[in-house]
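Enquirer: What would the 3D arrangement of this be:
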Amino acid sequence: MMNLKTLSTCNEHSPEMKLLLLCCIYELSEKQQKKLQTLVSGMIDWDLFMKLVIRHGVYPVVYKNLVKIQNVNQEVLSLLEKRYKQNVMNSLKLTAELVRIMRTLEERKIHVISLKGPALGLSLYGDISLRVSRDLDILVDREDVEKVEAILLSQGYHKNHLDIELTPKQKKTMYYREHHFSYANDNNICVELHWQYYYESYHFQFEQAWENRCEIAVSGKSIHVLNPEEYFLYLVFHGSKHAYKRLKWLCDIYEIIKKNELNWERVISRSKELGITEHLGQALLLTKHFFELELPLQFSEASFTKHSQDLATMALKDICHLDEKAVEWGHPLYFHGKRYLFAWNVGFTRKIKFIALHFYPTIREFQLFKFNDKQYFMFFLMRPIVRIMRFFSSKLD
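Expert: Below is the predicted model of the structure:
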């Protein structure tokens, strides 16, 4: 199905990666448990294994599986237990804040949908603490963003992005090129306020998502979430956008497929509407490769385009490496990431828009230069200058 020759040089062929992939599975079959015991009893570089576990953000499920196995390095188990307990406390804190925020916004008659976070952990694993969440992601209509921001600021949150007053044209640019704003409070809780999936080239209608929403009970409170097919495609979109550099995103997709509760005809139809058919193919190919999962009958070898296969191949580099500095300028994988995003924007029109996006001013230029809306064109002239200055000077970083 995939001719991925690069696999032989990737860490997923190492005993440590094989062990990680088994430990990521929420419910292991008897055959998988025996395989896990065999791997643990072999030669494992436990330091490398722990680096993989932490990097991919899967330590709660890994701990759940390894604590039942004999011959596991006790120091590793102790470290995993510590992280697991920390995640339990963090999950409880996030859950309480999610319920409070959702209740507050609903009282103000604001429609809001929870993305990922505790609600996803509960729906996939039946336990909020078995999935690592660093922040809360909420989705609202773009028309309600400023209302929600005002509420968050009034309740002790502050902006993680630069806090400046924007003109109407500057706001329009920000809403086009961004897809969320980030806020944090003194309790180290971060909230990402989304109004679209990505920049505006990928069209998303909140009204449609809200009309087809579902609910899940979290701590006795009904939380609005996307319907199963829309949620699945959002996770595909999000993971693909980040090249699945955290295996936990692929684990979420695997667990959903394994449940076999999706209407696949609806998934395929909706993926075409969103223009993410190739990204869906990439997710299925990677899931089959890493977890040896039998794919739904609707997908045969002929179902996957060359572009899906290319995206899957490119994502392998991001999944395999352990260097967190890969996103920094000058790192060998930095330009690989740029090439990936260019390929990820499927189609000529989206590629052109993606290139053009780099010439749009950012909030940094809005802070540095005080042009009014009549002088707005000046931001486009100054943007290349700022990028050159950033390249040669760390003062603007």
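Enquirer: Then Ser114 would be within a strand, right?
Expert: Yes. Checked against DSSP: H, G, I helix; E, B strand; the rest coil, Ser114 lies within a strand.
Enquirer: What about it, how many residues nearby?
Expert: Using other Cβ atoms under 10 Å, the number of residues around Ser114 comes to 23. Using the backbone N, CA and C atoms, a C-beta is placed for each residue, glycine as well.
Enquirer: Same check on Asp135?
Expert: For Asp135, the count of nearby residues is 16 (other Cβ under 10 Å).
Enquirer: Spit out the contact partners of it.
Expert: By Cβ atoms under 8 Å, 6 or more residues apart in numbering, the contact list for Asp135 reads Leu94, Gly117, Ser182, Ile189, Cys190, Val191, Glu192.
Enquirer: In ChimeraX, select just the buried ones from those.
Expert: A single ChimeraX command selects the buried members of the contacts of Asp135 (16 or more other Cβ atoms under 10 Å):
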select :94,117,189,191,192
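Enquirer: pLDDT weak spots in the stretch 151-300 of the chain?
Expert: 200-201 (pLDDT under 70).
Enquirer: those strands in it, which residues are they?
Expert: Using DSSP state E, counting those that start in this stretch, the strands found in the stretch 151-300 of the chain span residues 158-159, 180-184, 190-194, 214-218, 221-225.
Enquirer: Buried ones in the fourth one, by neighbour count?
Expert: Going by neighbour count (16+ other Cβ under 10 Å), the buried part of strand 214-218 is Val218.
Enquirer: Show the backbone phi and psi for Asn187.
Expert: The phi/psi pair for Asn187 (degrees, to the nearest 10) reads phi -90, psi 10.
Enquirer: How many neighbouring residues does it have?
Expert: 8.
Enquirer: Taking strand 190-194 as reference, get the angle to the helix or strand Leu94 falls within.
Expert: Under the criterion of DSSP states H and E, Leu94 resides in helix 74-107. With axes from the mean of the first three to the mean of the last three Cα atoms, to 10 degrees as the basis, helix 74-107 and strand 190-194 are set at 50 degrees to each other.
Enquirer: how far is stretch 367-377 from where the chain is centred?
Expert: Computed by Cα atoms, centre = their mean, to the nearest Å, the chain-centroid distance of stretch 367-377 equals 33 Å.
Enquirer: That should have said stretch 293-313, apologies.
Expert: Put simply, stretch 293-313 sits 21 Å off its chain's centre (Cα atoms, centre = their mean).
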